[in-house]
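# Next input, structure requested:
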Amino acid sequence: MRLYLVQHGEACAKDVDPDRPLTDQGKEDVDRLALFLKQAKVQFDRVIHSGKLRAVQTAERLADQMAPGLELESSGLLNPNDNPKALDWQSDSWDRDTLIVGHLPFMARLVSYLLIEDENKLIAAYRPGSVVCLERVSEAHWELSWMIRPDLLGPVNRP
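So this is what the prediction gives:
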């Protein structure tokens, strides 16, 4: 099983729009990420987002381009300052490749918790629109497969 842990794309500042939708740059970054992941044949069977507008928009853009028709799930446990231990990561419900869209510092803390069981030792350098891929290798053990940040991807070149 794989987890694709995505920080939402760049969002408007709170003083510009309190709902914090994606900026044009954020939309472009997420579209480039989706195109890259699709070309790399990344697949997932489940999409979970925090419910905040910027995470919803990111999840929708990724799912629309990579898994059209897939129903998105909202979770109240993926907010910026939530505890990554709150989700039962050893549960039988984590049996499908899953894309999770959330926020910092939660996403970085989640990566650290799953890899080294210490959410306070940050090991992933997230930027808006980044994704970390973790692979479950045993009941309670995850390994880092790869990470990509939008600044590593070129401009969108659609086929």
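
# can we go C-alpha only for contacts and neighbour counts from here?
Fine.

# can you map out the strands along the protein?
Counting by DSSP state E, the chain has strands at residues 2-7, 46-49, 72-74, 98-102, 131-138, 141-148.

# and these as CSV, adding distance to residue 114 and mean neighbour count?
Formatted as CSV, these follow (distance: least, C-alpha to C-alpha, whole Å; neighbours: other C-alpha atoms under 10 Å):
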stretch, distance to residue 114, mean neighbour count
strand 2-7, 10, 25
strand 46-49, 17, 22
strand 72-74, 21, 15
strand 98-102, 14, 26
strand 131-138, 9, 18
strand 141-148, 6, 15
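
# quick one: low-confidence parts of this structure?
88-93, 155-159 (pLDDT under 70).

# Can you tell me which of the strands of the chain is nearest to residue 84?
Evaluated with C-alpha to C-alpha, those place strand 98-102 nearest to residue 84, the distance being 11.3 Å.

# Off-centre distance for the closest one?
How far strand 98-102 lies from its chain's middle: 4 Å, per C-alpha atoms, centre = their mean, to the nearest Å.

# For residue 112, give me its contacts.
By C-alpha atoms under 8 Å, 6 or more residues apart in numbering, residue 112 lies in contact with 118-124.

# mind running it again at 7 Å?
118-119, 121-123 (C-alpha atoms under 7 Å, 6 or more residues apart in numbering).
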